[in-house]
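Colleague: dropping the sequence and predicted coords here.
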Amino acid sequence: MAPPELPLEAQEHVLDHLHDDLKTLKSCSFVCRAWTRTTRLHLLGTIVLNTRCNAIRFLSLLEESDRIGTGVASCVRELELPILGFPRRGKRSEMRCELLSSISRRLPVVEVLCVRRFNITALMDYLHSDDEAFNMQDALSSIFVFPHLKAIHYHGLEVMGINELLEFLGAFPTVSSLHAHNIDSRWDEPWPLETTAIQNFVAKRQQAPISIEDIMGDLFSRSDELRKLLAALAVPPFELRLKRLGWTINGTSGWLPLLPMLLPVFRRANATLEYLELAFNANDVWLERLDLSNHRRLKSVSLTFRFTPEKHHQWPRVPVFLSRITSTDLQVVDLHFHSSKQPFLWEFLDWSALSDAFIALHRKCPRMTVTFYFYIDAGHGVVIPDAIDPLRVRIAPVLATGMRVVVDRRIVTKQVGLFADRWIPIQSERGLLEA
(Lines give C-alpha, C1' and ligand atoms only; values in the text may rest on other atoms or scores of the structure.)
Protein backbone atom coordinates (compact mmCIF):
# COMPACT_ATOMS: atom_id res chain seq x y z
CA MET A 1 0.00 0.00 0.00
CA ALA A 2 1.30 3.48 -0.86
CA PRO A 3 2.11 5.67 2.15
CA PRO A 4 -0.82 7.93 3.08
CA GLU A 5 -0.37 11.61 2.29
CA LEU A 6 -1.62 12.80 5.69
CA PRO A 7 1.01 13.43 8.38
CA LEU A 8 1.40 10.51 10.78
CA GLU A 9 0.12 12.64 13.68
CA ALA A 10 -3.14 13.25 11.80
CA GLN A 11 -3.50 9.54 10.99
CA GLU A 12 -2.99 8.62 14.65
CA HIS A 13 -5.60 11.21 15.66
CA VAL A 14 -8.12 9.53 13.35
CA LEU A 15 -7.27 6.10 14.78
CA ASP A 16 -7.75 7.45 18.30
CA HIS A 17 -11.41 8.08 17.47
CA LEU A 18 -11.77 4.32 16.91
CA HIS A 19 -10.69 3.49 20.46
CA ASP A 20 -13.94 1.62 21.26
CA ASP A 21 -14.38 -0.06 17.85
CA LEU A 22 -12.25 -3.17 18.22
CA LYS A 23 -13.29 -4.75 14.91
CA THR A 24 -12.23 -1.69 12.89
CA LEU A 25 -9.01 -1.34 14.88
CA LYS A 26 -8.09 -4.95 14.09
CA SER A 27 -8.66 -4.29 10.39
CA CYS A 28 -6.59 -1.09 10.51
CA SER A 29 -3.70 -2.92 12.17
CA PHE A 30 -3.23 -4.94 8.95
CA VAL A 31 -3.56 -2.02 6.54
CA CYS A 32 -0.44 -0.02 7.22
CA ARG A 33 2.71 -0.74 9.24
CA ALA A 34 2.74 2.85 10.49
CA TRP A 35 -0.64 2.24 12.16
CA THR A 36 0.45 -0.86 14.07
CA ARG A 37 1.68 0.90 17.19
CA THR A 38 -1.42 3.09 17.61
CA THR A 39 -3.90 0.27 16.98
CA ARG A 40 -2.09 -2.01 19.44
CA LEU A 41 -2.19 0.65 22.11
CA HIS A 42 -5.98 0.67 21.84
CA LEU A 43 -6.45 -3.07 21.32
CA LEU A 44 -4.10 -4.08 24.13
CA GLY A 45 -4.34 -1.03 26.38
CA THR A 46 -6.79 -2.82 28.70
CA ILE A 47 -6.41 -6.53 29.44
CA VAL A 48 -9.16 -8.35 31.33
CA LEU A 49 -8.11 -11.71 32.75
CA ASN A 50 -11.47 -13.19 33.75
CA THR A 51 -10.24 -16.69 34.50
CA ARG A 52 -7.10 -18.72 35.09
CA CYS A 53 -7.27 -20.01 31.50
CA ASN A 54 -7.31 -16.45 30.18
CA ALA A 55 -4.28 -15.65 32.33
CA ILE A 56 -2.38 -18.66 30.98
CA ARG A 57 -3.15 -17.73 27.38
CA PHE A 58 -2.12 -14.13 27.98
CA LEU A 59 1.18 -15.25 29.54
CA SER A 60 1.85 -17.35 26.43
CA LEU A 61 1.22 -14.26 24.29
CA LEU A 62 3.66 -12.22 26.38
CA GLU A 63 6.34 -14.93 26.16
CA GLU A 64 5.93 -15.15 22.38
CA SER A 65 6.05 -11.37 22.10
CA ASP A 66 9.31 -11.32 24.08
CA ARG A 67 10.74 -13.95 21.75
CA ILE A 68 9.93 -12.20 18.46
CA GLY A 69 10.10 -8.62 19.76
CA THR A 70 6.59 -7.35 18.94
CA GLY A 71 6.37 -5.23 22.11
CA VAL A 72 2.94 -6.35 23.30
CA ALA A 73 3.82 -5.77 26.96
CA SER A 74 4.64 -2.11 26.39
CA CYS A 75 1.04 -1.49 25.20
CA VAL A 76 -0.75 -2.69 28.34
CA ARG A 77 -1.73 0.19 30.61
CA GLU A 78 -4.64 -1.37 32.52
CA LEU A 79 -4.87 -4.91 33.90
CA GLU A 80 -7.77 -6.72 35.57
CA LEU A 81 -6.83 -9.63 37.83
CA PRO A 82 -8.47 -13.02 37.23
CA ILE A 83 -10.83 -14.89 39.55
CA LEU A 84 -8.58 -17.33 41.42
CA GLY A 85 -8.80 -19.44 44.54
CA PHE A 86 -5.81 -19.96 46.82
CA PRO A 87 -6.21 -23.05 49.03
CA ARG A 88 -3.82 -23.31 51.93
CA ARG A 89 -2.51 -26.73 50.92
CA GLY A 90 -1.21 -28.21 47.72
CA LYS A 91 0.77 -26.85 44.80
CA ARG A 92 -2.19 -25.23 43.07
CA SER A 93 -1.88 -21.95 44.98
CA GLU A 94 1.88 -21.88 44.44
CA MET A 95 1.38 -22.31 40.69
CA ARG A 96 -1.26 -19.56 40.61
CA CYS A 97 0.99 -17.14 42.49
CA GLU A 98 3.76 -17.92 40.01
CA LEU A 99 1.33 -17.31 37.14
CA LEU A 100 0.44 -13.87 38.48
CA SER A 101 4.08 -13.05 39.14
CA SER A 102 5.16 -14.14 35.65
CA ILE A 103 2.53 -11.90 34.08
CA SER A 104 3.24 -8.86 36.26
CA ARG A 105 7.02 -9.05 35.69
CA ARG A 106 6.40 -8.76 31.96
CA LEU A 107 4.15 -5.67 32.22
CA PRO A 108 6.47 -2.83 33.21
CA VAL A 109 4.19 0.07 32.22
CA VAL A 110 0.86 -0.93 33.80
CA GLU A 111 -0.69 2.13 35.41
CA VAL A 112 -4.15 0.87 36.46
CA LEU A 113 -4.88 -2.35 38.35
CA CYS A 114 -8.52 -3.50 38.54
CA VAL A 115 -9.30 -5.86 41.41
CA ARG A 116 -12.72 -7.15 40.43
CA ARG A 117 -13.94 -10.26 42.25
CA PHE A 118 -10.32 -11.16 43.00
CA ASN A 119 -10.13 -13.01 46.32
CA ILE A 120 -7.70 -10.90 48.33
CA THR A 121 -8.66 -12.71 51.54
CA ALA A 122 -7.74 -16.15 50.17
CA LEU A 123 -4.44 -14.89 48.74
CA MET A 124 -3.39 -13.24 52.00
CA ASP A 125 -4.43 -16.30 53.97
CA TYR A 126 -2.21 -18.43 51.75
CA LEU A 127 0.75 -16.05 51.98
CA HIS A 128 0.51 -15.51 55.74
CA SER A 129 3.34 -16.76 57.93
CA ASP A 130 3.81 -16.80 61.70
CA ASP A 131 7.45 -15.83 61.28
CA GLU A 132 8.21 -12.65 63.26
CA ALA A 133 9.98 -11.15 60.26
CA PHE A 134 7.05 -11.76 57.92
CA ASN A 135 5.58 -8.71 56.19
CA MET A 136 2.41 -9.12 54.13
CA GLN A 137 3.09 -6.11 51.92
CA ASP A 138 6.52 -7.50 51.02
CA ALA A 139 4.92 -10.86 50.22
CA LEU A 140 2.40 -9.21 47.93
CA SER A 141 5.13 -7.12 46.30
CA SER A 142 7.00 -10.31 45.39
CA ILE A 143 4.00 -11.38 43.28
CA PHE A 144 2.75 -8.09 41.85
CA VAL A 145 5.60 -6.13 40.28
CA PHE A 146 4.13 -2.92 38.87
CA PRO A 147 6.77 -0.18 39.32
CA HIS A 148 4.66 2.53 37.67
CA LEU A 149 1.20 1.71 39.04
CA LYS A 150 -0.86 4.87 39.55
CA ALA A 151 -4.40 3.69 40.34
CA ILE A 152 -6.20 0.74 41.90
CA HIS A 153 -9.86 0.02 41.22
CA TYR A 154 -11.47 -2.13 43.91
CA HIS A 155 -14.68 -3.54 42.43
CA GLY A 156 -17.09 -6.06 43.88
CA LEU A 157 -14.81 -7.33 46.62
CA GLU A 158 -15.74 -9.66 49.43
CA VAL A 159 -13.28 -9.07 52.25
CA MET A 160 -13.02 -9.68 55.98
CA GLY A 161 -12.11 -6.10 56.82
CA ILE A 162 -10.70 -2.82 55.65
CA ASN A 163 -7.25 -3.86 56.89
CA GLU A 164 -6.96 -6.26 53.95
CA LEU A 165 -7.63 -3.46 51.49
CA LEU A 166 -4.99 -1.29 53.19
CA GLU A 167 -2.40 -4.05 53.24
CA PHE A 168 -3.01 -4.78 49.57
CA LEU A 169 -2.80 -1.10 48.72
CA GLY A 170 0.40 -0.76 50.75
CA ALA A 171 2.17 -3.18 48.40
CA PHE A 172 2.10 -0.51 45.68
CA PRO A 173 3.93 2.59 46.95
CA THR A 174 3.56 4.47 43.64
CA VAL A 175 -0.27 4.43 43.71
CA SER A 176 -1.78 7.91 43.87
CA SER A 177 -5.43 7.18 43.07
CA LEU A 178 -7.99 4.82 44.60
CA HIS A 179 -11.41 3.90 43.21
CA ALA A 180 -13.93 1.95 45.33
CA HIS A 181 -16.84 0.25 43.55
CA ASN A 182 -19.39 -1.97 45.28
CA ILE A 183 -17.14 -2.95 48.16
CA ASP A 184 -19.07 -4.97 50.70
CA SER A 185 -18.58 -7.34 53.58
CA ARG A 186 -20.70 -10.49 53.30
CA TRP A 187 -19.78 -11.71 56.73
CA ASP A 188 -22.16 -11.78 59.69
CA GLU A 189 -19.67 -10.12 62.02
CA PRO A 190 -18.93 -6.37 61.67
CA TRP A 191 -15.72 -5.33 59.99
CA PRO A 192 -12.74 -5.22 62.36
CA LEU A 193 -10.90 -1.92 62.16
CA GLU A 194 -7.51 -2.19 63.85
CA THR A 195 -6.08 1.28 64.35
CA THR A 196 -2.57 -0.17 64.63
CA ALA A 197 -2.75 -1.57 61.10
CA ILE A 198 -3.88 1.78 59.73
CA GLN A 199 -1.17 3.64 61.66
CA ASN A 200 1.47 1.24 60.32
CA PHE A 201 0.19 1.78 56.80
CA VAL A 202 0.30 5.55 57.22
CA ALA A 203 3.80 5.43 58.70
CA LYS A 204 5.14 3.45 55.73
CA ARG A 205 3.49 5.72 53.21
CA GLN A 206 6.13 8.35 52.51
CA GLN A 207 5.05 9.27 48.99
CA ALA A 208 2.47 11.83 47.89
CA PRO A 209 -1.15 11.50 49.09
CA ILE A 210 -3.43 8.83 47.67
CA SER A 211 -6.31 10.60 45.98
CA ILE A 212 -9.75 8.99 46.38
CA GLU A 213 -11.43 9.76 43.06
CA ASP A 214 -14.26 7.27 42.91
CA ILE A 215 -16.70 5.81 45.45
CA MET A 216 -19.53 4.05 43.65
CA GLY A 217 -22.21 1.47 44.15
CA ASP A 218 -24.11 -0.12 47.02
CA LEU A 219 -21.41 0.74 49.50
CA PHE A 220 -22.48 -1.17 52.58
CA SER A 221 -25.52 -2.90 53.96
CA ARG A 222 -24.68 -1.66 57.46
CA SER A 223 -23.97 1.97 58.21
CA ASP A 224 -21.32 1.11 60.80
CA GLU A 225 -19.04 -0.34 58.12
CA LEU A 226 -19.53 2.68 55.88
CA ARG A 227 -18.59 4.94 58.78
CA LYS A 228 -15.39 2.93 59.29
CA LEU A 229 -14.48 3.09 55.62
CA LEU A 230 -15.01 6.85 55.36
CA ALA A 231 -13.12 7.41 58.60
CA ALA A 232 -10.14 5.46 57.27
CA LEU A 233 -10.18 7.32 53.95
CA ALA A 234 -10.55 10.77 55.49
CA VAL A 235 -7.06 11.00 57.04
CA PRO A 236 -3.57 11.10 55.51
CA PRO A 237 -2.19 9.59 53.39
CA PHE A 238 -5.64 9.61 51.76
CA GLU A 239 -7.13 12.70 50.17
CA LEU A 240 -10.76 12.87 49.04
CA ARG A 241 -10.93 14.33 45.53
CA LEU A 242 -14.04 12.58 44.27
CA LYS A 243 -14.95 12.72 40.60
CA ARG A 244 -17.57 9.97 40.82
CA LEU A 245 -19.88 9.40 43.75
CA GLY A 246 -22.74 6.92 43.94
CA TRP A 247 -25.05 6.44 46.91
CA THR A 248 -27.42 3.64 46.05
CA ILE A 249 -28.68 2.48 49.44
CA ASN A 250 -32.45 2.41 49.18
CA GLY A 251 -35.15 3.58 51.55
CA THR A 252 -35.44 5.92 54.49
CA SER A 253 -34.05 3.32 56.88
CA GLY A 254 -30.88 3.17 54.80
CA TRP A 255 -30.44 6.84 53.98
CA LEU A 256 -31.18 8.84 57.10
CA PRO A 257 -28.56 7.19 59.36
CA LEU A 258 -25.97 7.61 56.61
CA LEU A 259 -26.46 11.29 55.88
CA PRO A 260 -24.28 12.59 58.75
CA MET A 261 -21.38 10.55 57.32
CA LEU A 262 -22.02 11.12 53.62
CA LEU A 263 -22.84 14.82 53.64
CA PRO A 264 -19.27 15.94 54.48
CA VAL A 265 -17.97 13.76 51.63
CA PHE A 266 -20.54 15.21 49.27
CA ARG A 267 -19.72 18.79 50.22
CA ARG A 268 -15.96 18.32 50.09
CA ALA A 269 -16.34 17.17 46.48
CA ASN A 270 -17.91 20.43 45.28
CA ALA A 271 -14.78 21.38 43.31
CA THR A 272 -14.16 17.95 41.76
CA LEU A 273 -17.42 15.99 41.40
CA GLU A 274 -18.33 15.12 37.79
CA TYR A 275 -20.67 12.15 38.14
CA LEU A 276 -23.38 11.61 40.77
CA GLU A 277 -25.65 8.58 41.18
CA LEU A 278 -28.56 8.37 43.63
CA ALA A 279 -31.27 5.78 44.25
CA PHE A 280 -34.75 6.14 45.71
CA ASN A 281 -37.20 3.78 47.29
CA ALA A 282 -39.62 4.85 50.04
CA ASN A 283 -39.34 8.64 49.84
CA ASP A 284 -36.98 11.49 49.05
CA VAL A 285 -37.19 13.62 52.19
CA TRP A 286 -33.43 13.24 52.69
CA LEU A 287 -32.88 14.96 49.34
CA GLU A 288 -33.53 18.33 50.98
CA ARG A 289 -30.11 18.01 52.64
CA LEU A 290 -28.25 17.82 49.31
CA ASP A 291 -27.49 20.99 47.39
CA LEU A 292 -25.78 20.81 44.00
CA SER A 293 -25.42 24.56 43.53
CA ASN A 294 -21.72 24.50 44.45
CA HIS A 295 -20.78 21.53 42.27
CA ARG A 296 -19.74 23.51 39.18
CA ARG A 297 -17.96 20.66 37.35
CA LEU A 298 -20.89 18.25 37.34
CA LYS A 299 -21.28 16.46 33.99
CA SER A 300 -23.66 13.59 34.68
CA VAL A 301 -26.52 12.85 37.10
CA SER A 302 -28.15 9.42 37.34
CA LEU A 303 -31.30 8.87 39.45
CA THR A 304 -32.79 5.40 40.01
CA PHE A 305 -36.37 4.90 41.22
CA ARG A 306 -37.46 1.49 42.46
CA PHE A 307 -41.14 0.61 42.80
CA THR A 308 -42.29 -1.99 45.32
CA PRO A 309 -45.86 -3.40 45.43
CA GLU A 310 -46.39 -2.73 49.12
CA LYS A 311 -45.55 0.99 49.09
CA HIS A 312 -47.03 4.17 47.65
CA HIS A 313 -44.28 5.98 45.81
CA GLN A 314 -43.98 9.73 45.51
CA TRP A 315 -40.78 11.71 45.05
CA PRO A 316 -41.84 15.39 45.06
CA ARG A 317 -38.40 16.80 45.92
CA VAL A 318 -36.61 15.50 42.81
CA PRO A 319 -37.49 18.49 40.55
CA VAL A 320 -36.25 20.97 43.17
CA PHE A 321 -33.04 18.97 43.56
CA LEU A 322 -32.38 19.08 39.80
CA SER A 323 -33.26 22.77 39.58
CA ARG A 324 -30.40 23.56 41.99
CA ILE A 325 -27.79 22.41 39.48
CA THR A 326 -25.63 25.36 38.40
CA SER A 327 -22.97 23.51 36.39
CA THR A 328 -22.79 24.59 32.76
CA ASP A 329 -20.86 21.38 31.93
CA LEU A 330 -23.86 19.09 32.51
CA GLN A 331 -24.16 16.67 29.59
CA VAL A 332 -26.29 13.77 30.81
CA VAL A 333 -29.30 13.26 33.08
CA ASP A 334 -30.44 9.63 33.33
CA LEU A 335 -33.68 8.64 35.07
CA HIS A 336 -34.09 4.90 35.72
CA PHE A 337 -37.50 3.49 36.68
CA HIS A 338 -37.61 -0.14 37.91
CA SER A 339 -40.92 -1.92 38.42
CA SER A 340 -41.95 -5.53 38.86
CA LYS A 341 -45.39 -4.80 37.42
CA GLN A 342 -46.89 -2.86 34.55
CA PRO A 343 -48.28 -0.43 33.64
CA PHE A 344 -46.23 2.20 35.41
CA LEU A 345 -48.01 4.51 37.82
CA TRP A 346 -47.30 8.01 36.60
CA GLU A 347 -48.14 10.08 39.68
CA PHE A 348 -44.82 9.32 41.38
CA LEU A 349 -43.29 12.61 40.14
CA ASP A 350 -44.51 16.17 39.78
CA TRP A 351 -44.15 16.23 36.01
CA SER A 352 -44.93 19.92 35.66
CA ALA A 353 -42.20 20.85 38.14
CA LEU A 354 -39.83 18.35 36.53
CA SER A 355 -40.42 19.93 33.11
CA ASP A 356 -39.67 23.37 34.54
CA ALA A 357 -36.42 22.04 36.02
CA PHE A 358 -35.36 20.50 32.69
CA ILE A 359 -36.21 23.67 30.76
CA ALA A 360 -34.06 25.70 33.15
CA LEU A 361 -31.20 23.21 32.73
CA HIS A 362 -31.59 23.32 28.95
CA ARG A 363 -31.02 27.08 28.99
CA LYS A 364 -27.72 26.60 30.82
CA CYS A 365 -26.70 23.39 29.02
CA PRO A 366 -28.28 23.33 25.55
CA ARG A 367 -26.38 20.17 24.53
CA MET A 368 -27.62 18.14 27.50
CA THR A 369 -29.42 14.82 26.89
CA VAL A 370 -32.13 13.41 29.17
CA THR A 371 -32.69 9.65 28.98
CA PHE A 372 -35.68 7.91 30.57
CA TYR A 373 -35.07 4.20 31.26
CA PHE A 374 -38.09 1.98 32.01
CA TYR A 375 -37.41 -1.54 33.30
CA ILE A 376 -39.96 -4.33 33.76
CA ASP A 377 -39.08 -7.65 35.39
CA ALA A 378 -39.34 -10.58 33.02
CA GLY A 379 -42.28 -12.89 33.46
CA HIS A 380 -45.06 -14.70 31.63
CA GLY A 381 -46.84 -12.39 29.20
CA VAL A 382 -44.68 -9.36 30.00
CA VAL A 383 -44.22 -6.87 27.17
CA ILE A 384 -42.01 -3.82 26.80
CA PRO A 385 -43.64 -1.02 28.82
CA ASP A 386 -45.69 1.48 26.84
CA ALA A 387 -44.09 4.71 28.03
CA ILE A 388 -43.78 6.74 24.83
CA ASP A 389 -47.18 8.45 24.66
CA PRO A 390 -47.66 8.96 28.42
CA LEU A 391 -44.20 10.50 28.70
CA ARG A 392 -44.65 12.70 25.62
CA VAL A 393 -47.78 14.24 27.14
CA ARG A 394 -46.18 14.86 30.53
CA ILE A 395 -43.02 16.55 29.26
CA ALA A 396 -44.48 18.33 26.22
CA PRO A 397 -43.01 21.71 27.31
CA VAL A 398 -39.55 20.13 27.45
CA LEU A 399 -39.85 18.68 23.96
CA ALA A 400 -41.00 22.07 22.65
CA THR A 401 -37.64 23.59 23.64
CA GLY A 402 -35.80 21.15 21.37
CA MET A 403 -34.07 19.34 24.22
CA ARG A 404 -32.73 15.92 23.25
CA VAL A 405 -34.84 13.31 25.09
CA VAL A 406 -34.25 9.57 24.70
CA VAL A 407 -36.53 6.75 25.88
CA ASP A 408 -35.07 3.31 26.63
CA ARG A 409 -37.57 0.54 27.51
CA ARG A 410 -36.42 -2.89 28.65
CA ILE A 411 -37.58 -6.26 29.91
CA VAL A 412 -34.91 -7.47 32.32
CA THR A 413 -34.09 -10.45 34.49
CA LYS A 414 -32.00 -10.50 37.62
CA GLN A 415 -28.73 -12.41 37.52
CA VAL A 416 -27.53 -13.36 40.98
CA GLY A 417 -23.77 -13.49 41.28
CA LEU A 418 -21.30 -14.42 43.99
CA PHE A 419 -20.34 -10.82 44.65
CA ALA A 420 -23.09 -8.70 43.10
CA ASP A 421 -26.48 -8.90 41.44
CA ARG A 422 -27.19 -7.28 38.10
CA TRP A 423 -30.07 -6.83 35.71
CA ILE A 424 -29.72 -8.44 32.28
CA PRO A 425 -31.84 -7.04 29.41
CA ILE A 426 -33.85 -9.68 27.56
CA GLN A 427 -35.63 -7.32 25.17
CA SER A 428 -35.23 -3.59 24.65
CA GLU A 429 -36.28 -0.69 22.47
CA ARG A 430 -34.58 2.70 22.35
CA GLY A 431 -35.44 5.83 20.46
CA LEU A 432 -35.48 9.60 20.38
CA LEU A 433 -38.64 11.19 21.79
CA GLU A 434 -39.99 13.99 19.64
CA ALA A 435 -42.75 16.53 20.17
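Modeller: Here it is on my side, so go on.

Colleague: what's the helix or strand where residue 53 lies packed up against?
Modeller: Secondary structure assigned from DSSP states H and E places residue 53 in helix 52-68. Judged by 3 or more C-beta pairs under 8 Å, 6 or more residues apart in numbering; DSSP states H and E, helix 52-68 is in contact with helix 92-105. C-betas here are computed from N, CA, C, even on glycine.

Colleague: now do the helix or strand just after the helix it packs on: which elements does it pack against?
Modeller: For helix 92-105, the following helix or strand on the C-terminal side (DSSP H and E) is strand 112-116. Counting contacts by 3+ C-beta pairs under 8 Å, 6+ apart, strand 112-116 packs against strand 78-80, strand 151-155.

Colleague: and strand 112-116, how far out from the chain middle?
Modeller: Computed by C-alpha atoms, centre = their mean, to the nearest Å, the separation of strand 112-116 from the middle of its chain amounts to 11 Å.

Colleague: swap in stretch 308-327?
Modeller: Distance, centroid of stretch 308-327 to centroid of chain: 24 Å (C-alpha atoms, centre = their mean).

Colleague: state the mean pLDDT of that stretch.
Modeller: Mean per-residue pLDDT for stretch 308-327: 85.

Colleague: pull out the buried positions in that stretch.
Modeller: 313, 315, 317, 318, 319, 321, 322, 323, 325, 327 (16 or more other C-beta atoms under 10 Å).

Colleague: so which of the residues you listed comes closest to residue 95?
Modeller: Minimum distance to residue 95 across the buried residues of stretch 308-327 is 51.3 Å, recorded for residue 327 (C-beta to C-beta).

Colleague: mind listing what that closest one touches?
Modeller: Contacts for residue 327 (C-beta atoms under 8 Å, 6 or more residues apart in numbering) come out as 292, 295, 296, 297, 298, 299, 364, 365.

Colleague: correct me, but the third one touches residue 364?
Modeller: No - Residue 296 lies out of contact with residue 364 (C-beta atoms under 8 Å); the separation is 11.2 Å.

Colleague: find the residues that touch each one of the two.
Modeller: Common neighbours of residue 296 and residue 364 (C-beta under 8 Å, 6+ apart) are 326, 327, 328.

Colleague: tabulate the residues you listed in CSV, adding columns for distance to residue 51.
Modeller: Formatted as CSV, the shared contacts of residue 296 and residue 364 follow (distance: C-beta to C-beta, whole Å):
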residue, distance to residue 51
326, 47
327, 41
328, 45
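
Colleague: closest one of those to residue 112?
Modeller: Nearest to residue 112 among the shared contacts of residue 296 and residue 364, with distances taken as C-beta to C-beta, is residue 327, at 26.8 Å.

Colleague: element containing that closest one?
Modeller: With DSSP H and E as criterion, residue 327 is part of no helix or strand.

Colleague: please begin residue numbering at 784 from this point
Modeller: Understood, numbering begins at 784; the last thing we discussed is residue 1110.

Colleague: circling back: nearest to residue 911 among the shared contacts of residue 1079 and residue 1147?
Modeller: residue 1110 (47.7 Å).

Colleague: okay if I get the helices and strands packed on strand 895-899 as TSV plus mean pLDDT and mean neighbour count?
Modeller: Formatted as TSV, the helices and strands packed on strand 895-899 follow (pLDDT from 0 to 100; neighbours: other C-beta atoms under 10 Å):
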stretch	mean pLDDT	mean neighbour count
strand 861-863	91	19
strand 934-938	85	21
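
Colleague: turn these into a markdown table, columns for distance to residue 898.
Modeller: Formatted as a markdown table, the helices and strands packed on strand 895-899 follow (distance: least, C-beta to C-beta, whole Å):
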| stretch | distance to residue 898 |
| --- | --- |
| strand 861-863 | 8 |
| strand 934-938 | 5 |
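
Colleague: of these, which is nearest residue 883?
Modeller: Among the helices and strands packed on strand 895-899, if distance is taken as C-beta to C-beta, the winner is strand 861-863, at 10.3 Å.

Colleague: now do that closest one: distance to the chain's middle.
Modeller: Chain-centre distance of strand 861-863: 14 Å, with C-alpha atoms, centre = their mean.

Colleague: just checking: what are the partner strands of it?
Modeller: strand 829-831 (parallel), strand 895-899 (parallel) (DSSP bridges).

Colleague: and the ones you listed, which is most packed in?
Modeller: strand 895-899 (a mean of 21; mean count of other C-beta atoms under 10 Å).

Colleague: average pLDDT for that one?
Modeller: 89.

Colleague: can you check stretch 947-964 too?
Modeller: Stretch 947-964 comes out at a mean pLDDT of 80.
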